[in-house]
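Peer 1: give me coordinates for this.
(one chain, ligands or ions: 1)
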Amino acid sequence: MPAPDATQPLPPSSSSVSRRAFLGRAAAAVGVTGFLAACGGGEEGADGGGAGTGAEVIEASSCLGYATLSDSDQQIRTSLNYVDASEVADQNCVNCRFYNAPDEMAPCGGCQIFAGPVSPAGHCTSWAAIVGA
Ligand code: SF4
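Peer 2: Okay, the predicted model is just below:
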């Protein structure tokens, strides 16, 4: 098997996996608190009075890819307090800079911070506004 050509860009899926792997290692290396600070997340609204973006609440556990998540993948989701229905006003996965919209009609999107599907109406403590929005 020939050695990979380091001058060529990785295909999109490999690049995405590498980013996840990097972020996961970064979270483990600096601890969740430091990781959240580095990502600009960790802040929640004072009232917690509903999501307010009209995004559809989908159970991520019903989406493709959830069942095959590893224990460490699940641990990262839990440590970042991921929920399928945001309780923070105007903060959902769909208006987060780390959201990957689903392909075609798939109900769940993805997150650039951790592996597995996320609800469009979801939220975690790494939420960050879309740049320029
Ligand atoms: S889970 Fe949702 S809110 Fe959290 S970083 Fe990923 S896309 Fe953003």
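
Peer 1: with adjacent residues omitted, what lies nearest to residue 112?
Peer 2: Closest residue to residue 112 apart from its sequence neighbours, by CB to CB, 6 or more residues apart in numbering: residue 98 at 4.3 Å. Glycine gets a C-beta too; all of them are placed from N, C-alpha and C.

Peer 1: how many neighbouring residues does the one you found have?
Peer 2: Residues lying near residue 98 (other CB atoms under 10 Å) number 19.

Peer 1: hmm, residue 114 and it touching each other?
Peer 2: No: contact between residue 98 and residue 114 fails when scored by CB atoms under 8 Å: they sit 9.2 Å apart.

Peer 1: shaky segments in this structure?
Peer 2: 1-52 (pLDDT under 70).

Peer 1: that one: helices as residue ranges?
Peer 2: Secondary structure of the chain (DSSP state H): helices located at 12-39, 71-79.

Peer 1: what parts of this structure come near the ligand?
Peer 2: 82, 93, 96, 98-99, 111, 113, 118, 122-124, 126-127 (CB under 6 Å from any ligand atom).

Peer 1: output those as a markdown table; include the columns distance to residue 73.
Peer 2: Supplementary listing: those in a markdown table, determined by distance: CB to CB, whole Å:
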| residue | distance to residue 73 |
| --- | --- |
| 82 | 11 |
| 93 | 17 |
| 96 | 19 |
| 98 | 16 |
| 99 | 17 |
| 111 | 11 |
| 113 | 11 |
| 118 | 12 |
| 122 | 15 |
| 123 | 18 |
| 124 | 13 |
| 126 | 15 |
| 127 | 19 |
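
Peer 1: which of those residues fall in strands?
Peer 2: Among those, the ones falling in strands (DSSP state E) are 99, 111, 118.

Peer 1: beta partners of the second one?
Peer 2: Each beta-bridge partner of residue 111 is listed here: residue 99, as defined by DSSP bridges.

Peer 1: now do the contacts for it.
Peer 2: Residue 111 makes contact with 82, 93, 98-100, 118, 124, according to CB atoms under 8 Å, 6 or more residues apart in numbering.
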